[in-house]
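**Q** Below are the sequence and a predicted model for it; my questions follow.
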Amino acid sequence: MDLQTAETRIEELRNLLNQYGYEYYVLDKPSVPDAEYDLLMQELLTLEEQFPGLVTPDSPTVRVGGAVLDMFEKVEHRIPMLSLGNAFNEQDLRDFDRRVRQAVGENVSYVCELKIDGLAVSLRYENGQFAQGATRGDGTIGEDISANLKTIKSVPLRLKEAVSIEVRGEAFMPKRSFEALNEARKERGEELFANPRNAAAGSLRQLDPKIAASRRLDVFLYGIGNPEAIGAESHSGGLDYLDYLGFKTNKERRKCATIDEVIEFVNGWVEKRPHLPYEIDGIVIKVDSLDQQDELGTTAKSPRWAIAYKFPAEEVVTTLLDIELSVGRTGVVTPTAILTPVKVAGTTVQRASLHNEDLIREKDIKIGDKVVVKKAGDIIPEVVNVLADQRTGAEIDFHMPTHCPECESELVRLEGEVALRCINPKCPAQIREGLIHFVSRDAMNIDGLGEKVISQLFAEKLIGDVADIYKLTREQLLALERMGEKSVSNLLAAIEASKNNSLEKLLFGLGIRHVGAKAAKTLAIEFGEMEKLAAASKEELISINEIGDKMADSIVSFFEQEEAKELILELMAVGVNMEYKGAKPVSAADSDSTFAGKTVVLTGKLEQLSRNEAKEKIEALGGNVAGSVSKKTHLVIAGADAGSKLAKAQDLGIEVWDEEKLLEELNK
């Protein structure tokens, strides 16, 4: 096929796929079978591979996910994304209505919309083409998640008109996608997501867009950041215009002439919400007239013309069948209520944390009680109270054990703590939980070693401490359930790659009490190598910024243990790196660099350095890299396609360098 024929066919395929995708993902009215859509997509992929010069940013093929990102760039919202004030009952809604009418008169109408439980996003289009997508962040500064938002098939990459517009919406994970995702994670032995909102947020913050693409997210658009750009007079008219442009809006909205109609709408959805294919946590009520919205204005945090009615937490009654004990990585013994399975806020609940013995006593909980259960924040199941008047006399008092349920060691309650703790370092439960922590993302990040696989390896006595992970053989792994040649090869490669991690990853993975990921990096930078840290005194440790008495005592105690010394030697023997590999920052006082003591902002695309590399190099020379431009900024490094940050720097008269100048200074 020649270039001209290919160009014609590619454009034809894109138009067809965009139309079919709009019908399927936005209108929910597919006009062709899935198989036909898939064939057309495959043809387009093949042609774009043959003619890469014809690939465009709005091609439907970008939805499968592109290259892995180094990091998310910060985005300054041109129009702030304000949060909403809350209403929790009918009186709150009537008070809101009274304030509105006092300000703008009696002739007010409202628009009621479902409050989708997801992640607020902003989408920017230039001349009808998708230009950028960002998270809400703090309302002023968000993160550029354009690559991940492109994978959501209901996000149009090209609008029906060549307008420049900024729209706001809620990205979410449908219940069906959530259930499929958690089922797959369960099979792989990975930690399950607590709810669709967390799953959606986690998916959109993946650096690999292919992961986001696989999660089958969706989006509803609910507003225009700059409605004056399209000449809209009302919020409802703006939503209708978004429909016309090809956006997906939520059709379960209603225009209400009075607050009584608003309350009727709200009450109706309290009952209907469990039947939706996605989660909602309330109703948003907005003044419809944009002129009246302008007249009402905003506070520092929220608009005066809108409010979010939050549904009351759903409470259900069930039976507390038993209280189960679990031992965590740090030895804390936690009681968990085992319940007769019951639906709460859309999901089945059969376990709820009871936290500690004091809470059980305070709420007078007995095994066999009828209890009221709700999800705190619609997320975490908790026992609200006991229905003591329904007791039969067969209920049993619960007493926390005096000895560890896993290893039979005596439990202790440390001074100032309410929790009981097992302090036996050889407790199997603590070892297992410690292994799970060691391989987690923020620690050694060994892909493929999830909770289920670790538990299986531990049960089979193939691993007893973290050093044993590096002694696993192909034959041992192949003998496990659901472990094939490919997954074993990938796992062994991930284990081998983790040996090269910088020291801070290992330090955090070792699970030293009170040492989090940030403190681990501080220690790794300060001491440089494991041997020096292990020999450090408490006085040396507390002299470091961010390291207090409690953490210093914990670090010294850890390295004094013979077991810890032996473990470090074992890890060294199998080739695990014991040194800090990152750039070591210097203080401004100790640096004669141009960057010393200066606040630097990076914007645009750098060609020869990744954003992370540039940041590390500048900080290593005593500079501080910030995410936004302000009067306190000393220097802006502008790469290709630099946008609002560059413009703001020029307005403020801040010095601006290109990448060539940056490299010249870094190489001095």
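**A** Yep, it's here.
**Q** surely residue 154 meets residue 26?
**A** Yes: using Cβ atoms under 8 Å, residue 154 makes contact with residue 26 at a distance of 5.4 Å. For the C-beta atoms, the positions are set from N, CA and C on the backbone; glycine is no exception.
**Q** list residues touching both of these two?
**A** Shared contacts of residue 154 and residue 26 (Cβ atoms under 8 Å, 6 or more residues apart in numbering): residue 248.
**Q** could you list every residue that touches the closest residue to residue 631 other than its chain neighbours?
**A** Closest residue to residue 631 apart from its sequence neighbours, by Cβ to Cβ, 6 or more residues apart in numbering: residue 652 at 6.3 Å. Residues in contact with residue 652 (Cβ under 8 Å, 6+ apart) are 629, 631, 633.
**Q** Quick one: residues contacting the first one.
**A** The one in question is residue 629. By Cβ under 8 Å, 6+ apart, the contact set of residue 629 is 76, 601, 603, 636, 645, 648-649, 652, 654.
**Q** Assumed it was part of a helix.
**A** No: using DSSP: H, G, I helix; E, B strand; the rest coil, the assignment for residue 629 is coil, not a helix.
**Q** Report pLDDT for it.
**A** Note on residue 629: pLDDT of 80.
**Q** ditto for the last one
**A** At residue 633 the predicted local distance difference test score is 88.
**Q** Just give the number of residues close to it.
**A** The local packing of residue 633 (other Cβ atoms under 10 Å) involves 19 other residues.
**Q** and what of the second one?
**A** A count of neighbours around residue 631, defined by other Cβ under 10 Å, yields 7.
**Q** now it: how far from residue 653?
**A** Note on residue 631: its distance to residue 653, by Cβ to Cβ, to the nearest Å, is 10 Å.
**Q** just the first one next, same as before
**A** Taken as Cβ to Cβ, the spacing of residue 629 relative to residue 653 amounts to 11 Å.
**Q** Residue 61: what secondary structure?
**A** Classified using three-state DSSP, residue 61 is helix.
**Q** wait, what's in contact with it?
**A** When contacts are counted by Cβ under 8 Å, 6+ apart, residue 61 touches 41, 44-45, 48, 55.
**Q** from these, which single one is nearest residue 145?
**A** residue 55 (21.3 Å; Cβ to Cβ).
**Q** residues contacting the closest residue to that closest one other than its chain neighbours?
**A** Leaving aside its chain neighbours, residue 55 sits nearest to residue 48 (5.0 Å; criterion: Cβ to Cβ, 6+ apart). Residue 48 makes contacts with 10, 54-55, 59, 61, as judged by Cβ under 8 Å, 6+ apart.
**Q** ok, now residue 199?
**A** By Cβ under 8 Å, 6+ apart, the contact set of residue 199 is 173, 178, 181-182, 193, 215.
**Q** What spatial separation is found between the closest residue to it other than its chain neighbours and residue 445?
**A** Nearest non-adjacent residue to residue 199, counting by Cβ to Cβ, 6+ apart: residue 193, 4.0 Å away. Remark: distance between residue 193 and residue 445 (Cβ to Cβ) = 19 Å.
**Q** more crowded one of those two?
**A** Neighbours per residue, other Cβ under 10 Å: of residue 193 and residue 445, the larger number sits with residue 193, 18 against 15.
**Q** pLDDT score assigned to the residue nearest to residue 55?
**A** 88.
**Q** repeat for residue 590
**A** pLDDT at residue 590 comes out at 56.
**Q** Quickly run through the sheet partners of the strand or helix carrying residue 338, with directions.
**A** Taking DSSP states H and E as the definition, residue 338 sits inside strand 332-344. Partners of strand 332-344 in the sheet, by DSSP bridges, are strand 315-327 (antiparallel), strand 347-353 (antiparallel), strand 420-422 (antiparallel).
**Q** Pull out the buried residues from that strand.
**A** By neighbour count on 16 or more other Cβ atoms under 10 Å, the buried set for strand 332-344 is 332-333, 335-337, 339, 344.
**Q** go on, stretch 498-514?
**A** Neighbour counts over stretch 498-514 (16+ other Cβ under 10 Å) mark 498, 501-512 as buried.
**Q** Bridging across strands, which residues link to the closest residue to residue 658 other than its chain neighbours?
**A** Nearest non-adjacent residue to residue 658, counting by Cβ to Cβ, 6+ apart: residue 638, 6.2 Å away. Beta-bridge partners for residue 638, by DSSP bridges, are residue 603.
**Q** you'd agree residue 173 is up against residue 196?
**A** Yes: counting by Cβ under 8 Å, residue 173 touches residue 196, with 4.3 Å between them.
**Q** residue contacts, the most centrally placed residue in the chain?
**A** In the chain, the C-alpha closest to the average C-alpha coordinate belongs to residue 202, at a distance of 3.3 Å (Cα atoms, centre = their mean). Contact partners of residue 202, counting by Cβ under 8 Å, 6+ apart, are residue 193.
**Q** go again using 10 Å as the cut-off
**A** For residue 202, the contacting residues are 119, 173, 181, 193, 211-212, 215, by Cβ atoms under 10 Å, 6 or more residues apart in numbering.
**Q** Kindly report the same for residue 506.
**A** Counting by Cβ under 10 Å, 6+ apart, residue 506 makes contact with 438, 443-444, 466, 498-499, 520, 524, 530, 568, 571, 576-579.
**Q** Any of the residues you listed buried? List them.
**A** Neighbour-count burial (16+ other Cβ under 10 Å) applied to these gives 438, 443-444, 466, 498, 520, 524, 530, 568, 571, 576-578.
**Q** Taking those residues together, which two end up most distant?
**A** Spatial extent of the buried ones among the contacts of residue 506 (Cβ to Cβ) is set by the pair 466 and 524 at 17.3 Å.
**Q** Is it possible to get TSV of the buried residues of strand 332-344 that adds pLDDT and distance to residue 433?
**A** As requested, these are exported to TSV (pLDDT from 0 to 100; distance: Cβ to Cβ, whole Å):
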residue	pLDDT	distance to residue 433
332	89	10
333	90	12
335	93	16
336	93	15
337	94	20
339	95	23
344	80	27
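**Q** Can you pull out the low-pLDDT segments for the chain?
**A** Across the chain, the ranges flagged by pLDDT under 70 are 65-70, 228-229, 300, 345-346, 376-379, 583-591.
**Q** ok, back up a step: and which of the contacts of residue 61 is nearest residue 474?
**A** residue 45 (35.0 Å).
**Q** Work out for me the element that closest one sits within.
**A** helix 34-50.
**Q** can you pull the buried residues of that helix?
**A** In helix 34-50, counting by 16+ other Cβ under 10 Å, buried: 37, 40-41, 44, 47-48.
**Q** and residue 532, how many neighbours?
**A** 14.
**Q** brain fart, residue 133
**A** With neighbours defined by other Cβ under 10 Å, the count for residue 133 comes to 27.
**Q** Would you check how far apart the residue lying closest to it once chain neighbours are set aside and residue 121 are?
**A** Leaving out its chain neighbours, the residue that sits closest to residue 133 by Cβ to Cβ, 6+ apart is residue 149, at 3.6 Å. Distance, residue 149 to residue 121, using Cβ to Cβ: 7 Å.
**Q** what's the answer for residue 393, then?
**A** With Cβ to Cβ as the criterion, residue 393 and residue 121 are 55 Å apart.
**Q** again with residue 205
**A** Counting by Cβ to Cβ, the gap from residue 205 to residue 121 is 12 Å.
**Q** Now list whatever residues contact both of these two.
**A** Residues touching both residue 205 and residue 121 (Cβ under 10 Å, 6+ apart) are 135, 145, 148.
**Q** Please name the nearest non-neighbouring residue to the first one.
**A** By the measure of Cβ to Cβ, 6+ apart, the closest residue to residue 135 outside its immediate chain neighbours is residue 142, 4.3 Å from it.
**Q** what residues are up against that neighbour?
**A** Contacts of residue 142 (Cβ under 10 Å, 6+ apart): 72-77, 81, 120-122, 133-136.
**Q** Apply 6 Å and report the result again.
**A** Shown in contact with residue 142 (Cβ atoms under 6 Å, 6 or more residues apart in numbering): 75, 134-136.
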